[in-house]
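Novice: For reference, the sequence and a predicted model appear below.
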Amino acid sequence: MIEKENHVRQCRDVVTDQWPCERPQLPDIPRLDRRNASEACALLCTQCYRNCTFLWFLREVQARLSALGTEPEEQDRSVPPAPSQQARPAKRSFFPPSLLDLLRTRDIPTQVPPLPLPLTFNRPRVPRCYHNDTTPELDSLLSEFCSNPDPYHRELWEGLRDSLEALEAREWPCSPTSLSMPRDILERHCRVLLRQRDDLWDHLHETLTASSGPTERVSNALLWPHISVLSVLSLLVADQWRHVPDSWKTTLLACAQSVASLRRSKRLLACYDRSDTDGFYKEAETAGCEGWNAVKSPEWLLLEIQNNITIRVQQAEVAQRMICPDQPGNAVSQLNMGEGKTTVITPMVALNLVNGFMVPRIIVLKLLLRQSLILLTQLLGGILNHPIYHVPFSRDTPLDKKMLKGLRKIYEQCQKSRGVLIVLPEHILSFRLVGLDLIKRKPKLAQKAINLETWLQDNCRNLINESDEVLDPKFQLVYAVGSQQSLDGHSDRWQIVQSLLSLVEQQTTELHAQDPSSLSVEYRGIRYPIIHFLRADRVDTLMNMVLSAIDEHGLPGLPLHLWNRRIHQRALSFIRFAHLMPRELKFLRDAFGQGTALRRLLARPGWKEVARGLRSHPSRCMMAVPFRAKGIPSEHTEFGHPDVAIILTCLSYYYHGLSYEQVRHCFALLGKENDPEAEYQGWICRAKSTLTPQLQVLSGVNLEDTWTFMEVLYPHLHYQKSLVDFYLSRVVFPKEAKKFPHRLCTSAWDLPSKPNQPLTTGFSGTNDNRFLLPQSAPQRDLPQLLHTNALVLSLLLREENRRCIVAEDTMGLQLQAEQLLDLISRQHPPIRVIIDVAAIFFDECDEVTVIDREGHCERLVSSAFKQRMGSCLLFLDQQHSRGVDLKLPADYRAAVTLGPRLSKDKMVQACNRMRGLGQGQSVAFVIPPEVSHSMPRRGTSTTSLDVIQWALTQTCNIFQSLSTLWALQGLQYHRR
């Protein structure tokens, strides 16, 4: 160990002595891997050296500027005389020629060298069975799946069966481990392309710069247009291309194609030098301009040049389908993850749609907004010169005539400047609702808002990225209208919920004592327990136990034992069963209007899995709100049903606890109670013996003794259920638990265009949601991409992806976060990525961020780690397990955590953050107890085959649970 440290110190000193230099030489040390160490050292030093050189240049520029002096020249500050009435500006008789003017007056070059044939290398293709084939296992799984009579199982099975048949019928390229062709071939071809480009440019430049007579004087006067490769290529932009003489178009396209071919050749050499076999063949198998015509789409050629890419045939086919579907009407399509939907296809479609009359409107998820803005600005800016617009809008946006006029001006400017508009789905629907919301209060302003919304619908061509998630039935936007009103039953509504949750805690403890293997009850001191059901049937058992206790003893605010037997029995039936006869429902409505909270609380398990929590700034809204993902509240969103909001608010405060200020507030209110001492005894009842005798009575509490209150009393109180209930009943619910008389609703059904409007098209990497899409935007996949779903599942069945890690302790209970990380860190091969459906994470603005060992945070795009991803660990949370594309080393392995009710498409999206899956990268599934107990096993240990079967079943269950909501939204949409 000491010898190793000495060698490291010796290398460091040698490199330090050579700085600054781009490629330092390493000392001769016998045990040093000189090749890898030199490459790693050169990678770091090259970047630092270039930054250092740039800094020297800036300092030199600053020094020369400073030497010029900054003293202003003395000027005559007297007021100039007024111009005479006879003075008139002279008419301009001369305009400097533009580059387009030169093209109109010049003949095309007569000796344009022909373009050499592109260099292509194709891998041999063989049937799927010759590869590491997992389709027989998948076929066997589907055979079992089809026996289920449920219609959703049948629909999903038929889709996967067709996909599997397409996969088996398809020939796949072999995956060579090395490049067999000599490098000389690539170098020779690159030299030919370079010479051809230079010859073509020389002829072009000579033709455009040849001058004589008056034009020579113009040239000498520096009024000649600037002629460079960039200025010539900029003529391919649509608003310039239509003015280019037809005789010149072939020559200009040849010039652009020569540049594109040369850049492609250099990419091939770069892949060859870094032994990137897969990247080399992906590039080498596409010659350029395949599947599309550069004459019709010159901007696509410019897109290739500017972004150093080659448009593949498959990308061109999908883009053309997005631009002009083969069937009339809206449609969404599937393309496998990692095939360039955001980086290639979206810009291609946008470039084809911008025409000065139509506005391409790209609809993205909120988590992808920042990434899309940055990416499209880079892809469509520069020579292409298409501005990117983003106009956020919500109900909180102040709206008046001036604001509407400004919005109209921005949208028209976007249209005229051939810009691209990026929006969130909630921005579209929010602006659509705001006009309706204003009709009664401000009819004139409402009419202007509706007119602008109509203009947007008539002039925007929608393109939806991640269409299956954007058009999910769970997405809806609701405007509450009218004045807030108190809830029926008022305080009884939350007192019943609080009493019921106490009863659930008692019965859960009893059930866990009877059968500890059926559910996990996580006690953390005195706080409300966290409950995980490990067996689905135990949910019904717990519900029956709770109902039996209610039947026997009643519930505060709901005295069932005092009602007549007929009402008593029917009330219990209402709580227990999801469906009752209409006459029984009418009977209960006539008798009383309560009971809904009981049913909603007991009807289904998994209260903890509801994506909800408290905002970080509770002064705005103290109720629980929906979360977009774990730890990320959804802005401007609340739960619609008051009973649901009350239940989830109680649970959120139980688990989150009260803040120091909130506990102090409770003591301020305690003096107003009829019996403060009895109330205080209820607050400290749990673990009362841990308090000093002085603090066990209210009179012993000295609120002015800040240290004792903060260090002794507050830790004992802030998780006490009785105190939390007191705070909720006195502070939160009286202020926040309100309802509104009316609601304006929109859903995913409102996003696709209507028949008389520009089309809406979209794409996504998964299509399981095709059964729940709005009927106006059906799923229409390309026949040649039908194999996609089966391909992704077959990759997960490969040997390197079969490993599953059951994350439970010796008692079969769920691991704590530290234990889970320790388990993952001990895996072999090592796991470098955690995908929760670190070193790198996403901040509050959805920006990829890197944190080093010292705790310093920095954006990845500006960090030295951008070129050293192999030195990083990666953490992707639930929200960012879709749409995120990071280039990771080929040998990286990821741990994918599973959770209850995880659908197949979400699992597949998470796994495919590893873009090299099946080509060196791999995944392992981490299974918590609540999932492993519900997952059937085919053998002695759990494998990825069991995970896929479980995920397919969960998908069908989700379809079934969402089908009613989907149908209801469709009916509401057609009524509107």
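Specialist: That came through fine. Numbering: from 1, shown residues only.
Novice: from here on, contacts and neighbour counts on C-alpha atoms
Specialist: Fine.
Novice: Which helix runs longest in this protein?
Specialist: helix 34-67 (DSSP state H).
Novice: for the stretch 351-500 of the chain, what spans make up the helices?
Specialist: Taking DSSP state H, counting those that start in this stretch as the criterion, the stretch 351-500 of the chain contains helices spanning 369-380, 401-416, 425-438, 443-459, 467-470, 491-514.
Novice: Kindly calculate the angle that the third one makes with helix 443-459.
Specialist: By that I understand helix 425-438. Angle between the axes of helix 425-438 and helix 443-459 is 150 degrees (criterion: axes from the mean of the first three to the mean of the last three CA atoms, to 10 degrees).
Novice: helices or strands next to helix 425-438 in the packing?
Specialist: Contacts defined by 3 or more CA pairs under 8 Å, 6 or more residues apart in numbering; DSSP states H and E place helix 425-438 against helix 443-459, strand 476-481, strand 742-747.
Novice: The longest one now?
Specialist: Secondary structure elements in contact with helix 491-514, counted by 3+ CA pairs under 8 Å, 6+ apart, are strand 519-522, helix 537-553, helix 596-602, helix 642-656.
Novice: Contacts for that helix, please.
Specialist: Helix 491-514 has contacts (CA atoms under 8 Å, 6 or more residues apart in numbering) with 487, 518-521, 528-529, 542, 545-546, 555-558, 597-598, 643, 646-647, 650, 725, 729, 733-734.
Novice: Give me the ChimeraX select line for those, limited to the buried ones.
Specialist: To isolate the buried ones among those in ChimeraX, judged by 16 or more other CA atoms under 10 Å, type:
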select :487,518,519,520,521,528,529,542,545,546,555,558,597,598,643,646,647,650,725,729,733
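Novice: that older thread, of the helices and strands packed on helix 425-438, which approaches residue 946 most closely?
Specialist: strand 476-481 (33.7 Å; CA to CA).
Novice: most neighbours per residue, which of the helices of the stretch 351-500 of the chain?
Specialist: Highest mean neighbour count among those (mean count of other CA atoms under 10 Å): helix 467-470, with a mean of 24.
Novice: So what touches that helix?
Specialist: 332, 364-365, 425, 464, 748, 762-764, 766-770, 773.
Novice: Need the max-distance pair from those residues.
Specialist: Based on CA to CA, the longest span within the contacts of helix 467-470 runs between 425 and 768 and measures 20.4 Å.
Novice: could the helices and strands packed on helix 425-438 be laid out in a markdown table, adding mean pLDDT and distance to residue 262?
Specialist: Output for those, formatted as a markdown table (pLDDT from 0 to 100; distance: least, CA to CA, whole Å):
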| stretch | mean pLDDT | distance to residue 262 |
| --- | --- | --- |
| helix 443-459 | 95 | 39 |
| strand 476-481 | 84 | 49 |
| strand 742-747 | 88 | 49 |
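Novice: before we move on, back to that, output the helices and strands packed on helix 491-514 as a markdown table; include the columns distance to residue 195.
Specialist: Listed next are these as a markdown table, based on distance: least, CA to CA, whole Å:
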| stretch | distance to residue 195 |
| --- | --- |
| strand 519-522 | 72 |
| helix 537-553 | 75 |
| helix 596-602 | 75 |
| helix 642-656 | 69 |
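Novice: Low-confidence ranges, the stretch 201-350 of the chain, go.
Specialist: Across the stretch 201-350 of the chain, residues meeting the criterion (pLDDT under 70) sit at 211-223.
Novice: all helices of it, in order?
Specialist: 214-220, 229-233, 238-241, 246-273, 277-284, 298-307, 313-323, 346-353.
Novice: Let's have the ones you listed in TSV, adding mean neighbour count.
Specialist: As requested, those are exported to TSV (neighbours: other CA atoms under 10 Å):
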stretch	mean neighbour count
helix 214-220	13
helix 229-233	16
helix 238-241	15
helix 246-273	19
helix 277-284	18
helix 298-307	23
helix 313-323	20
helix 346-353	22
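Novice: among those, which is nearest residue 913?
Specialist: Closest among the helices of the stretch 201-350 of the chain, using CA to CA: helix 277-284, at 17.4 Å.
Novice: Let me know the angle separating that closest one from helix 246-273.
Specialist: 170 degrees.
Novice: check which helix or strand covers residue 972.
Specialist: Element membership for residue 972 (DSSP states H and E) is helix 944-975.
Novice: avg pLDDT for that helix?
Specialist: Across helix 944-975, pLDDT averages out at 90.
Novice: So which bits of that helix are buried?
Specialist: If you call a residue buried by 16+ other CA under 10 Å, then helix 944-975 has these buried ones: 944-957, 959, 962, 966, 969-970, 973.
Novice: if we can go back for a sec, pLDDT of the longest helix of the chain, averaged?
Specialist: The average pLDDT for helix 34-67 rounds to 83.
Novice: buried stuff in it?
Specialist: Buried residues in helix 34-67 (16+ other CA under 10 Å): 41, 42, 43, 44, 45, 46, 48, 49.
Novice: ranges for the strands of the stretch 101-250 of the chain?
Specialist: With DSSP state E, counting those that start in this stretch, the ranges of strands along the stretch 101-250 of the chain come out as 125-127, 171-173.
Novice: just flag whichever of the ones you listed has the lowest average confidence.
Specialist: Ranked by mean pLDDT, the strands of the stretch 101-250 of the chain end with strand 125-127 at the bottom, a mean of 70.
Novice: Is residue 637 in contact with residue 624, as I believe?
Specialist: No. Using CA atoms under 8 Å, residue 637 is not in contact with residue 624; the gap is 9.9 Å.
Novice: Residue ranges of each domain in the protein, please.
Specialist: Here the domain parsing of the chain from automatic domain parsing is 2-55, 537-658+719-737, 783-963.
Novice: can the ones you listed go into a markdown table with extra columns for distance to residue 321?
Specialist: Below are the domains of the chain laid out as a markdown table (distance: least, CA to CA, whole Å):
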| stretch | distance to residue 321 |
| --- | --- |
| domain 2-55 | 42 |
| domain 537-658+719-737 | 31 |
| domain 783-963 | 12 |
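Novice: and among the ones you listed, the most buried is which?
Specialist: Most buried of the domains of the chain, by mean neighbour count (mean count of other CA under 10 Å): domain 783-963, with a mean of 18.
Novice: sorry, back to before: compare the helices of the stretch 351-500 of the chain and give me the one nearest residue 825.
Specialist: Proximity to residue 825, assessed across the helices of the stretch 351-500 of the chain by CA to CA, is greatest for helix 369-380 (30.0 Å).
Novice: quick one: average pLDDT of that closest one?
Specialist: Mean predicted confidence for helix 369-380 is 92.
Novice: Now do it: which elements does it pack against?
Specialist: Judged by 3+ CA pairs under 8 Å, 6+ apart, helix 369-380 is in contact with helix 298-307, helix 346-353, strand 388-389, strand 420-423.
Novice: got the CA positions of the last one in PDB?
Specialist: Backbone C-alpha positions of strand 420-423 (Å, rounded to 0.1, in the frame of the first residue of the first chain) are rendered in PDB as follows:
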ATOM      1  CA  VAL A 420     -40.900  27.000 -32.900                       C
ATOM      2  CA  LEU A 421     -43.100  27.100 -29.800                       C
ATOM      3  CA  ILE A 422     -42.400  24.800 -26.900                       C
ATOM      4  CA  VAL A 423     -45.300  24.400 -24.400                       C
END
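Novice: any residues touching it, and which ones?
Specialist: Against strand 420-423 from outside (CA under 8 Å, 6+ apart): 350, 354, 359-364, 369, 373, 386-392, 414.
Novice: Kindly recompute the last result at 7 Å.
Specialist: With contact meaning CA atoms under 7 Å, 6 or more residues apart in numbering, strand 420-423 is reached by 350, 359, 360, 361, 362, 363, 364, 387, 388, 389, 390, 414.
Novice: now do the first one
Specialist: Residues from elsewhere that reach helix 298-307, judged by CA under 7 Å, 6+ apart: 236, 237, 238, 260, 294, 310, 311, 348, 351, 379.
Novice: So what's the residue count around residue 237?
Specialist: 21 (other CA atoms under 10 Å).
Novice: gap between it and residue 387?
Specialist: Distance check for residue 237 against residue 387: by CA to CA, to the nearest Å, it reads 13 Å.
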